[in-house]
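[1] Build me a structure from this.
(chains A and B)
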Amino acid sequence: MSATVRYDDVEVGLEIPAADYPVRRVSLVMYAGASGDFNPIHWNERFAKTVGLPDVIAHGMFTMAQGGRFVTDWAGDPGAVVDYGVKFSSMVVVPDDDQGATVTVSGVIEQKLEDKRVVVALTARSGDSRVLSRARAVVQLA
Amino acid sequence: MALNRDFVGRTYQTSSSYEVSRVKIREFAAAIGDNNPIYRDREAAHAAGHPDVIAPPTFPIVFTLAGAGEALADPELGLNFAMVVHGEQRFEYARPVRAGDELLCTSTITDIRSIGRNEVLTVKSDVTTLDGEHVCTTYNTIVERGGAA
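    Reported below is the predicted structural model:
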């Protein structure tokens, strides 16, 4: 594995600049196909509303993948992510328009571990809601 | 409807291996909007120290859910899929998943409990190669909304 970030260059409290990730209906259709999760709450507004949801919602795993992308882009090598876990705390509602929704991810170095590993604490928001909580990635640095 | 607690501890082994292909990794990376060349280009993967292209950290969801699917679809469990949302997810890696891997998945229902009006179920999946090399362990927690009401 070859992360491009050096352990010695990173301190606890270091902030990784926030990034915006768009989520549109087509994103969810593509994700359904690629992941095999065809639950209609992720593409069928009529069905979503009959089960009490405000509209179509993003797959939690799509949102988690955006957090993953944020960390792998920072680390340089996706193989450097050795542990990644989240709790899904709020839905990402995706309206059927040209804007869709936006997930904004930011991160901070929470802890330095042995063996040149660090814990990155992630924050992911959509609108006013925090959509991931307890989101942590352990990254093997160089 | 409350979920059947007798399912806690049940283990399910996939009957056939999941073969990780470059094409599927590329499709998954495109679906999450990620253009990282290490998911697409063998040279870039080699340069980063990998024998072939690797998969994004959340890729194992593609085959681990199927591993637990048999259990979750059992009418005796009493799960109403229409009310299911994802609660928590974790991937713990021994090494990255890469193209060419043939993976077996052993899934165990480790916990079922009620939280407020919801039923919450956790599945742990151990992913190994055909030779028994441990690649990753995943933890999937789903929430059945209103299931405990």
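[2] A:A124: how many residues sit nearby?
    Counted with other Cβ atoms under 10 Å in any protein chain shown, residues neighbouring A:A124 total 27. Where you see a C-beta, it was placed from the backbone N, CA and C, and this is true even at glycine.
[3] Setting the sequence-adjacent residues aside, check what's closest to it.
    A:L132 (4.1 Å; Cβ to Cβ, 6 or more residues apart in numbering or on different chains).
[4] from memory the one you found sits against A:M91, does it?
    No - using Cβ atoms under 8 Å as the test, A:L132 is too far from A:M91 to be in contact (11.4 Å).
[5] Give me the more crowded residue out of the two.
    Using other Cβ under 10 Å as the criterion, A:L132 and A:M91 rank with A:L132 on top: 27 against 21.
[6] three-state assignment of the more buried one?
    strand (DSSP: H, G, I helix; E, B strand; the rest coil).
[7] wait, what's in contact with it?
    Shown in contact with A:L132 (Cβ atoms under 8 Å, 6 or more residues apart in numbering or on different chains): A:63-64, A:67, A:86-89, A:122-124.
[8] and what of A:D96?
    A:25, A:45, A:55-56.
[9] Which members of the residues you listed are the farthest-apart pair?
    For these, the farthest-apart pair by Cβ to Cβ is A:R25 and A:D55; their separation is 10.2 Å.
[10] Now do the shared contacts for the two.
    Shared contacts of A:R25 and A:D55, defined by Cβ under 8 Å, 6+ apart, are found at A:94, A:96.
[11] so where is chain A shaky, pLDDT-wise?
    Regions of chain A meeting the criterion pLDDT under 70 cover residues A:1.
[12] Chain neighbours aside, what residue packs nearest to the residue in it that chain B sits nearest to?
    Of all residues in chain A, A:G85 sits closest to chain B, at 3.2 Å by Cβ to the nearest Cβ. Closest residue in space to A:G85, ignoring its immediate chain neighbours: B:R90 at 3.2 Å, by Cβ to Cβ, 6+ apart.
[13] Equivalent analysis for B:H134, please.
    Using Cβ to Cβ, 6+ apart, the closest residue to B:H134 is B:A94 (4.9 Å).
[14] close enough to count as contact, the one you found and B:C136?
    Yes - counting by Cβ under 8 Å, B:C136 is a contact partner of B:A94 at 6.3 Å.
[15] how about the spatially most central residue of chain B, what does it touch?
    In chain B, the centroid-proximal residue (Cα atoms, centre = their mean) is B:T64; its distance is 2.9 Å. Residues near B:T64 by Cβ under 8 Å, 6+ apart: B:105, B:107, B:123, B:125, B:127, B:138, B:140.
[16] From chain A, how far off is the last one?
    Translated: B:N140. 10 Å (Cβ to the nearest Cβ, to the nearest Å).
[17] try the fourth one
    As for B:S125, its distance to chain A is 14 Å (criterion: Cβ to the nearest Cβ).
[18] and that residue, which of the three is it?
    Under three-state DSSP, the three-state class of B:S125 is strand.
[19] which residues does it bridge with?
    Judged by DSSP bridges, the bridge partners of B:S125 are B:S107, B:T138.
[20] So what's the residue count around it?
    Neighbour tally, B:S125, other Cβ under 10 Å: 24.
[21] for B:L3, same thing?
    B:L3 has 23 nearby residues by other Cβ under 10 Å.
[22] which element is the closest residue to chain A within chain B on?
    Nearest to chain A, among the residues of chain B, is B:R90, at 3.2 Å (Cβ to the nearest Cβ). Using DSSP states H and E, B:R90 sits in strand B:84-93.
[23] Strand partners (parallel or antiparallel) of that strand?
    strand A:81-88 (antiparallel), strand B:134-144 (antiparallel).
[24] Excluding its own residues, what touches that strand? List them.
    Counting by Cβ under 8 Å, 6+ apart, A:39, A:41, A:59-61, A:64, A:81-88, A:91, A:134, B:57-58, B:60-61, B:120, B:122, B:135-145 sit against strand B:84-93.
[25] Mark which of these are buried, thanks.
    A:39, A:41, A:59-61, A:64, A:81-88, A:91, B:57-58, B:60-61, B:120, B:122, B:135-145 (16 or more other Cβ atoms under 10 Å in any protein chain shown).
[26] Might you calculate how far the least confident helix or strand in chain B by mean pLDDT sits from the centre of the chain?
    Lowest by mean pLDDT, DSSP states H and E among the helices and strands of chain B is helix B:61-72, with a mean of 82. In terms of Cα atoms, centre = their mean, to the nearest Å, the gap separating the centre of helix B:61-72 from the centre of its chain is 7 Å.
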